[in-house]
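**Student:** could you look at this predicted model? Sequence included:
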Amino acid sequence: MAEAAQDRLRIVDPAANPYLSGRFAPVDRETDADDLQVEGSLPADIDGVFMRNGPNPKFPPLGSYTYPLEGDGMIHAVWIGEGKARYRNRWVWTNGLRAEERAGRALYGGIMTPAFVDQGLLGPDPDPGWPIKLDAFINIVRHADRYLALEEGTPPYEVSPGLETVGRFDFGGGLPLGMCAHPRIDPVTGEMVVFRYDVTEPYLTWAVVSPDGSVTRPPAEVPGIGQAFMIHDFTITEHYALFVIGPGVLDVNAMLTGGSMLSWQPDLGTRIALVPRSGDGPPVFAELDPFWVWHFANAYEDGGRVVADFPAWSELSMAAGDRRPASGQQAPVRGRFSRASIDPARGTATMTQVGELASEFPRIDDRLTGRRHRYLTVGAASGQHDLARGEHDRLIRWDMSTGQSQAWDTDASIGEVIFVPRDGSAGELDGYYMTLARSVPNDRSWLYIWDAADFPCPPRAKVAIPATVPNGLHANWFSRRR
């Protein structure tokens, strides 16, 4: 029966899917390269590694391929130090991927077209989540000296500092079901706050991992969540965990009977939930008109209010920045960078539109997570290049104290831009902006580095990567000097 279910699924045609072709096309090999060529000059005051994760299917997908919700994880890394740069990429070898490698083909169906894989093909230690494949492809973080490749709602996969796969990791049994793709690490306490949503009760839980990697607050239910919602990201303040619960509803039964697993139900509206990090007292909910959030820049407490900055979308779509509505309606999805101000005492919130241009992948200086920030960066489309939905070629920096922005248009499709502080620095502009990029004119792969203090400006360094790097998702910088 399982084989028959797989046989009914056709291989996805890469030419018909923009996220399997062009600058998103997966690569088929792992590469090492030393002494990378550099146009410009590498910073001498940083020493560490830039890592970025992203979907890179090793075998042609079966049935469907939905970006950015699936795909084998591949981590691309550039080490910088002592005036040199080197590159390496490696798949995250989950047990599901190893089973497919043994079979020489995809075994699992797409997330929208699951196939009930014969578990005898999956080996003695199959990943949880059957019939959906565990794909550790969204993010890569470091906590308690462990590098963790993440997707949402499953156990992470640990990789070594050199990107070799170590294995599934559940924090000594403290997070047996897994965690989110976007944990938040409090720079003051060193705690990592995580969450997990599910299609069965409890629909939303949160937990805390101490700086030493032990789970000090086991998964606790967020009360007041009456059905399954997709929640990709969240953020924290000093005293709260903040969730935006948009009406993206999950329904496994609908999927199994030929319907959609994920639907947009705007009549439900959107709620902002503030969950006390102390664990004392119920969450505070504020109700707003429907909107969707993929990613947060940050949130902080300002007197008696909580302020959160993020790109807000009029509807859920399947690619960050995609203009195709999930509801199937013809109206385009509108995205605007926004600020929410929440009053916990009254349970009310107001939204302010900050910018007119749709943007995504917001980042701050991570040393200010949960505290007041001034600057943040986002990616946007300039209109100068023929980009796929979700691609960006413009780097924008917002000064949230003035509401003004500055921008630099690049010659490339750029990924998430992160801030890398100079070793020993403290200022928000005392460092560098860094991202992987695919140049549009000649389709070459690069690591771009800007001096944040001089922005807007051309990159001070463009590190040539002698391998193809597909567009991906989330990145972080890990310094050798902590």
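**Tutor:** Right, received. Where do you want to start?

**Student:** so who does the residue lying closest to Asp267 once chain neighbours are set aside touch?
**Tutor:** Closest residue to Asp267 apart from its sequence neighbours, by Cβ to Cβ, 6 or more residues apart in numbering: Pro247 at 7.5 Å. C-beta here means a position set from N, CA and C on the backbone, and glycine is covered the same way. By Cβ atoms under 8 Å, 6 or more residues apart in numbering, the contact list for Pro247 reads Phe229, Trp264, Gln265, Pro266, Asp267, Leu268, Gly269, Thr270, Pro290.

**Student:** same thing but 6 Å
**Tutor:** Gln265, Pro266, Leu268, Pro290 (Cβ atoms under 6 Å, 6 or more residues apart in numbering).

**Student:** what's it sitting at in phi/psi?
**Tutor:** Main-chain torsions, Pro247, degrees, to the nearest 10: phi -80, psi 50.

**Student:** also Gly83?
**Tutor:** Per degrees, to the nearest 10, the backbone of Gly83 is at phi 80, psi 10.

**Student:** gap between it and Leu42?
**Tutor:** As judged by Cβ to Cβ, to the nearest Å, Gly83 and Leu42 stand 6 Å apart.

**Student:** mind listing the strands for the stretch 201-350 of the chain?
**Tutor:** 204-209, 215-221, 235-236, 240-245, 248-250, 262-264, 270-276, 284-288, 298-302, 305-313, 335-343, 348-353 (DSSP state E, counting those that start in this stretch).

**Student:** check contacts around Ser382.
**Tutor:** Taking Cβ under 6 Å, 6+ apart, one finds Asp393, Arg394, Asp409 in contact with Ser382.

**Student:** isn't there a helix covering the second one?
**Tutor:** No: the assignment for Arg394 (DSSP: H, G, I helix; E, B strand; the rest coil) gives strand, which keeps it out of a helix.

**Student:** from Asp411, how far off is it?
**Tutor:** Counting by Cβ to Cβ, the gap from Arg394 to Asp411 is 11 Å.

**Student:** among the strands of the stretch 201-350 of the chain, which gets the worst mean confidence?
**Tutor:** When these are compared by mean pLDDT, strand 262-264 comes last with a mean of 92.

**Student:** touching the longest strand anywhere in the chain from outside, list them.
**Tutor:** Longest strand in the chain by number of residues, with DSSP state E as the criterion: strand 404-414. Strand 404-414 is contacted by residues 23, 379, 382, 391-398, 435, 437-440, 456 when judged by Cβ under 6 Å, 6+ apart.

**Student:** the residues you listed in strands, which ones?
**Tutor:** Gly379, His392, Asp393, Arg394, Leu395, Ile396, Arg397, Trp398, Thr435, Ala437, Arg438, Ser439.

**Student:** with adjacent residues omitted, what lies nearest to the fifth one?
**Tutor:** Taking Cβ to Cβ, 6+ apart, and ignoring the residues beside it in sequence, Leu395 has Trp408 as its nearest neighbour in space, at 5.1 Å.

**Student:** can you count the residues close to that neighbour?
**Tutor:** Each residue near Trp408 was counted by other Cβ atoms under 10 Å, and the total is 19.

**Student:** and the pLDDT for it?
**Tutor:** Note on Trp408: pLDDT of 98.

**Student:** and it, how close does it get to Trp450?
**Tutor:** Taken as Cβ to Cβ, the span from Trp408 to Trp450 is 7 Å.

**Student:** Leu134: which of the contacts of Pro247 is nearest?
**Tutor:** Gln265 (27.5 Å; Cβ to Cβ).

**Student:** quick one on the thing from earlier: between Gly83 and Leu42, which one's more packed in?
**Tutor:** Leu42 (19 against 10).

**Student:** any idea what the nearest residue to that one once chain neighbours are set aside is bridged to?
**Tutor:** Once flanking residues are discounted, Leu42 sits nearest to Ala461: 5.3 Å by Cβ to Cβ, 6+ apart. Here Ala461 sits in beta bridges with Gly40, Ile449, as judged by DSSP bridges.

**Student:** now for Ala461, how many residues are close by?
**Tutor:** Going by other Cβ under 10 Å, the residues that sit close to Ala461 add up to 20.

**Student:** against Ser64, how distant is it?
**Tutor:** 40 Å.

**Student:** Leu288 too?
**Tutor:** Applying Cβ to Cβ, the value for Leu288 to Ser64 is 32 Å.

**Student:** Phe337: how many residues sit nearby?
**Tutor:** Neighbours of Phe337 (other Cβ under 10 Å): 26.
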